[in-house]
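Peer 1: This is a predicted model, with the sequence first.
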Amino acid sequence: MAMDERKLRILQAIIDDYILTGVPVGSRTISKKYDMGLSSATIRNEMSDLEELGFLDQPHVSAGRVPSAKAYRLYVDTLLEAGMIPNTTEESVRSHFAGRVHQMEDVIDHAAQVISSLTHYTAVVLSPKGSQPRIQTVQLVPVSSDTALVVIVTDQGMVRDSVIRIGGQMDSDTLYAISRTLTNELRGLTLEEACRHIPEISRRISGNDRILQELYGFLSDGQNTPRRGHMAVGGTSNMLAYPEYSDVDKARNFLSLMETRDKLADIIRGSSGLSFTVRIGPETGVPEMADCSIVTAAYSTRGGQQGTIGVIGPTRMQYSRVLSILNIIGHQLTDMFSGEDEK
């Protein structure tokens, strides 16, 4: 039995209707809501064929049909192969990041909240795994007679800043000269390597012990981010609003998985390296996610490291909208961590 154009149109209508309503779809619903020029009986026969082909399931004998994981896979592959990823809500998405300080951890936390808010599903955002930022520039800006703002920009587009004591009054020209020396000495080093290099700089540059001491403490604090990277989760409770998770045990298992951060990171990060990855139902390989789909996308930093953004939702999620939002936010994060949005 072949999958012809008519069956594809009917399957598309069933998927669209079920994504919207969450209610099993019958032939009369398709006949009334979608202008296909086909009778209810013809649609019913085609739906029986689609069930035989494995694209539809019938939860109850008297109920309509629901799309299977195989149907969603065909639906998503068609979207991706045809490049059907609309640029919906692009300005709205970008406005959420306007004026944000480029502290990587803060941006990642915010991104997870934005994605979950826009999609109404659960969002997970991961920083590049195990990547240690390397210093690009060090800048000292006078704040008061005895304090200055130290700003460190890294190759990941991160900005770390703190107010430090400078041990005496220094004008902006003096601080600029010190900034240039520190940049030349520390460029290309990780925060850990820079800490080890501070004593050597102190021996060669006299009169700036207080600044170097404060800088050492600031760099030491910056090493506290775990090597496995930062992960943010947003909208965990969003899934509980869907009928698929009205069962208490199912909801409890899902929430328990969300709290197991290492396992969740492995699930999401397993797809990095590809522009988009969509895993549907059993394809996730996780029993707690048998009724879920996971959609992920990649973003890059200035140093070429790659992070991952993802959405976890019911298998009947709005795939085209999710793909669109992840596409926009992936590019937004890449721009932010590459410094391109500052041009």
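Peer 2: That came through fine. Residues are numbered from 1 along each chain as shown.
Peer 1: From here on, just use CA atoms for contacts and neighbour counts.
Peer 2: Fine.
Peer 1: And residue 107, which helix or strand is it part of?
Peer 2: Per DSSP states H and E, residue 107 falls inside helix 104-119.
Peer 1: which helices and strands does that helix pack with?
Peer 2: Under the contact definition 3 or more CA pairs under 8 Å, 6 or more residues apart in numbering; DSSP states H and E, helix 104-119 sits against strand 122-126, strand 231-234, helix 319-338.
Peer 1: repeat that for 6 Å
Peer 2: strand 122-126, strand 231-234 (3 or more CA pairs under 6 Å, 6 or more residues apart in numbering; DSSP states H and E).
Peer 1: Between strand 122-126 and that helix, find me the angle.
Peer 2: Put simply, helix 104-119 runs at 160 degrees to strand 122-126, going by axes from the mean of the first three to the mean of the last three CA atoms, to 10 degrees.
Peer 1: Alpha carbons of helix 104-119, as PDB, please.
Peer 2: As requested, the backbone C-alpha atoms of helix 104-119 are provided in PDB (Å, rounded to 0.1, in the frame of the first residue of the first chain):
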ATOM      1  CA  MET A 104      27.300  34.000  29.700                       C
ATOM      2  CA  GLU A 105      25.600  32.400  32.600                       C
ATOM      3  CA  ASP A 106      23.100  35.200  32.900                       C
ATOM      4  CA  VAL A 107      22.300  35.100  29.100                       C
ATOM      5  CA  ILE A 108      21.800  31.400  29.200                       C
ATOM      6  CA  ASP A 109      19.400  31.600  32.200                       C
ATOM      7  CA  HIS A 110      17.500  34.300  30.500                       C
ATOM      8  CA  ALA A 111      17.400  32.400  27.200                       C
ATOM      9  CA  ALA A 112      15.800  29.400  28.900                       C
ATOM     10  CA  GLN A 113      13.000  31.700  30.300                       C
ATOM     11  CA  VAL A 114      12.400  33.400  26.900                       C
ATOM     12  CA  ILE A 115      12.100  30.000  25.100                       C
ATOM     13  CA  SER A 116       9.800  28.500  27.600                       C
ATOM     14  CA  SER A 117       7.600  31.700  27.600                       C
ATOM     15  CA  LEU A 118       7.400  31.800  23.800                       C
ATOM     16  CA  THR A 119       6.800  28.100  23.300                       C
END
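Peer 1: Check the helices and strands packed on helix 104-119 for me and report the most buried one.
Peer 2: Of all the helices and strands packed on helix 104-119, strand 122-126 carries the top mean neighbour count, a mean of 27, counting by mean count of other CA atoms under 10 Å.
Peer 1: Show me what that strand pairs with in its sheet, parallel or antiparallel.
Peer 2: Neighbouring strands of strand 122-126 in its sheet, by DSSP bridges, are strand 231-234 (antiparallel), strand 306-314 (antiparallel).
Peer 1: for the helix or strand following the first one, which positions count as buried?
Peer 2: Where DSSP H and E defines the elements, the next helix or strand beyond strand 231-234 is helix 248-259. Taking 16 or more other CA atoms under 10 Å as the basis for neighbour counts, the residues of helix 248-259 that come out buried are 250-251, 254-255, 257-258.
Peer 1: Return the distance of the closest residue to residue 112 other than its chain neighbours relative to residue 313.
Peer 2: Leaving aside its sequence neighbours, residue 112 sits nearest to residue 234 (CA to CA, 6 or more residues apart in numbering; 4.9 Å). According to CA to CA, to the nearest Å, residue 234 stands 12 Å off from residue 313.
Peer 1: Check residue 324 too.
Peer 2: From residue 324 to residue 313 the distance is 15 Å (CA to CA).
Peer 1: Who has more neighbours out of those two?
Peer 2: Ranked by neighbour count (other CA atoms under 10 Å), residue 324 and residue 313 place residue 313 first, with 25 against 18.
Peer 1: who's the more buried one bridged to?
Peer 2: Beta-bridge partners of residue 313, as defined by DSSP bridges: residue 293.
Peer 1: With residue 151 instead?
Peer 2: According to DSSP bridges, beta-bridge pairing links residue 151 with residue 139, residue 161.
Peer 1: For the buried residues of helix 248-259, work out which two are farthest apart.
Peer 2: Using CA to CA, the buried residues of helix 248-259 span at most 12.6 Å, a distance reached by 250 and 258.
Peer 1: still on that earlier bit, residue 126: which of the buried residues of helix 248-259 is nearest?
Peer 2: residue 258 (13.9 Å).
Peer 1: OK, contacts around the closest one?
Peer 2: Under the criterion of CA atoms under 6 Å, 6 or more residues apart in numbering, residue 258 has no neighbours.
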